[in-house]
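*Asks:* Please find the sequence and the predicted model below.
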Amino acid sequence: MALRTSVFLTILVFCGLVCVYAADVSGKWAAEFESGVGPQKYMYELKVENGKITGTASVNVGGTDMESKITEGTVEGDNVSFVESLDYQGMPLTITYKGTIAGDEMKLERDVGGQSDGTITLKRVK
């Protein structure tokens with residue numbers, strides 16, 4: 001009986017640790033990629049509090065610098081998602097990101113205004 005209780009408690013503790021674990025995405029992240037509007041150079045500054053991601057993004061598109069807010073972000077284990085609200089040439093644009101983090105890289109699917117824009121890789125700035 002004691003062995004069964006010990007095994008059960010060990011499993012419970014392990015499951016609790018897995019549920020609590022969330023990858024560390026706080027900090028600065030950079031990405032450069034081609035898109036439908038040409039080359040883009042991004043710098044993301046992300047903050048995580050209680051599993052929620054917020055922050056800002058600075059982007060250079062075609063020589064024009066823009067700032068946007070990061071909202072609606074979550075991190076669960078190594079799964080990451082967030083929303084960027086960008087004003088592009090006077091037009092509000094919602095960009096959603098979903099993907100995974102592994103060490104100092106995030107691989108994210110990018111959806112721009114309901115249109116898939118492919119996968120991008122963010123690298124942690126040290």
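*Replies:* Alright, I've got the coordinates.
*Asks:* How about residue 124, nearest residue that isn't a chain neighbour?
*Replies:* residue 104 (3.9 Å; CB to CB, 6 or more residues apart in numbering). All C-beta spots, glycine's among them, are computed from the backbone N, C-alpha and C.
*Asks:* Residue 32 too?
*Replies:* Closest residue to residue 32 apart from its sequence neighbours, by CB to CB, 6+ apart: residue 41 at 5.0 Å.
*Asks:* Who are the packing partners of the one helix or strand that neighbour maps to?
*Replies:* Using DSSP states H and E, residue 41 falls within strand 38-49. Contacts defined by 3 or more CB pairs under 8 Å, 6 or more residues apart in numbering; DSSP states H and E place strand 38-49 against strand 27-35, strand 52-61, strand 64-76.
*Asks:* Now do that strand against strand 64-76, angle only.
*Replies:* Calculated by axes from the mean of the first three to the mean of the last three CA atoms, to 10 degrees, strand 38-49 forms an angle of 40 degrees with strand 64-76.
*Asks:* Just the buried positions in strand 38-49, please.
*Replies:* 40, 42, 44, 46, 48 (16 or more other CB atoms under 10 Å).
*Asks:* got the contact list for the third one?
*Replies:* The reference is to residue 44. By CB atoms under 8 Å, 6 or more residues apart in numbering, the contact set of residue 44 is 28-31, 55-57, 70, 122.
*Asks:* same thing with the first one?
*Replies:* By CB under 8 Å, 6+ apart, the contact set of residue 40 is 31-34, 59-61.
*Asks:* Next: the second one.
*Replies:* Applying CB under 8 Å, 6+ apart, one finds that residue 42 lies in contact with 30-32, 57-59, 122.
*Asks:* hmm, which of these are the buried ones?
*Replies:* Buried by 16+ other CB under 10 Å: 31, 57, 59, 122, out of the contacts of residue 42.
*Asks:* which intervals of the chain have sub-threshold pLDDT?
*Replies:* 1-21 (pLDDT under 70).
*Asks:* one more time with 90
*Replies:* Along the chain, the model assigns pLDDT under 90 to residues 1-23, 34-39, 50-51, 60-64, 87-91, 115-117.
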